[in-house]
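Undergrad: give me coordinates for this.
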Amino acid sequence: MEETQRQKKIAGIIQQDLADILQRAATDGGLKGTLISVTKVSVTTDLSIAKVYVSIFPNKNAKELLDGIKANQVAIRYDLAQRTKHQLRRVPELNFYLDDSLEYIDNIEKSLKGEENPIENRDLLDKRKKS
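TA: Now for the predicted structure:
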């Protein structure tokens, strides 16, 4: 089912404000070299739940940062409510997910460039076998 214009508009508002909130929290928390971006937000038809896909660079500590974001979900939702109080009556419940598409694309590029050599590294052969 396709999203309505209202869902798209609310998702855009949430995406823009959440990106600013999360990046500011990371900078204030002492993570100066970490880039947090909100890649996609999808809102349910009743506007009660928002799925937020977060991309974190560098990837090495992405899992811990996502756990930290989930732990501070109430405070993040409150900050979002303060920013969007003139646009939204109710802020949807936020569910955060890690967007690993950049890592996936990077792995594909490495494979295409030939950086992964199955002759030298036999472990790669299992991944490439067709079923």
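Undergrad: going by C-alpha atoms from here, please, whenever you check contacts or count neighbours.
TA: OK.
Undergrad: center of the protein - which residue?
TA: Val54 (1.1 Å; C-alpha atoms, centre = their mean).
Undergrad: which residues touch it?
TA: Ile36, Ser37, Val38, Thr39, Lys40, Phe96, Tyr97, Leu98, Asp99 (C-alpha atoms under 8 Å, 6 or more residues apart in numbering).
Undergrad: columns pLDDT on top of the residues you listed, output as TSV?
TA: Below are the contacts of Val54 laid out as TSV (pLDDT from 0 to 100):
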residue	pLDDT
Ile36	87
Ser37	88
Val38	92
Thr39	92
Lys40	93
Phe96	94
Tyr97	93
Leu98	90
Asp99	86
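Undergrad: skipping adjacent residues, who's closest to the residue nearest to the centre of the chain in space?
TA: Val38 (4.6 Å; C-alpha to C-alpha, 6 or more residues apart in numbering).
Undergrad: packing partners for the helix or strand harbouring the one you found?
TA: Counting by DSSP states H and E, the element that carries Val38 is strand 35-43. Using 3 or more C-alpha pairs under 8 Å, 6 or more residues apart in numbering; DSSP states H and E, the elements in contact with strand 35-43 are helix 5-28, strand 49-57.
Undergrad: please repeat the previous calculation with a cut-off of 10 Å.
TA: helix 5-28, strand 49-57, helix 62-71, strand 93-98 (3 or more C-alpha pairs under 10 Å, 6 or more residues apart in numbering; DSSP states H and E).
Undergrad: low-confidence ranges, this protein, go.
TA: 1, 114-131 (pLDDT under 70).
Undergrad: circling back: and which of the contacts of Val54 is nearest Ala71?
TA: Nearest to Ala71 among those: Phe96, at 10.5 Å, using C-alpha to C-alpha.
Undergrad: wait, what's in contact with the closest one?
TA: Contact partners of Phe96, counting by C-alpha atoms under 10 Å, 6 or more residues apart in numbering, are Val38, Val41, Ala50, Lys51, Val52, Tyr53, Val54, Leu66, Asp67, Ile69, Lys70, Gln73.
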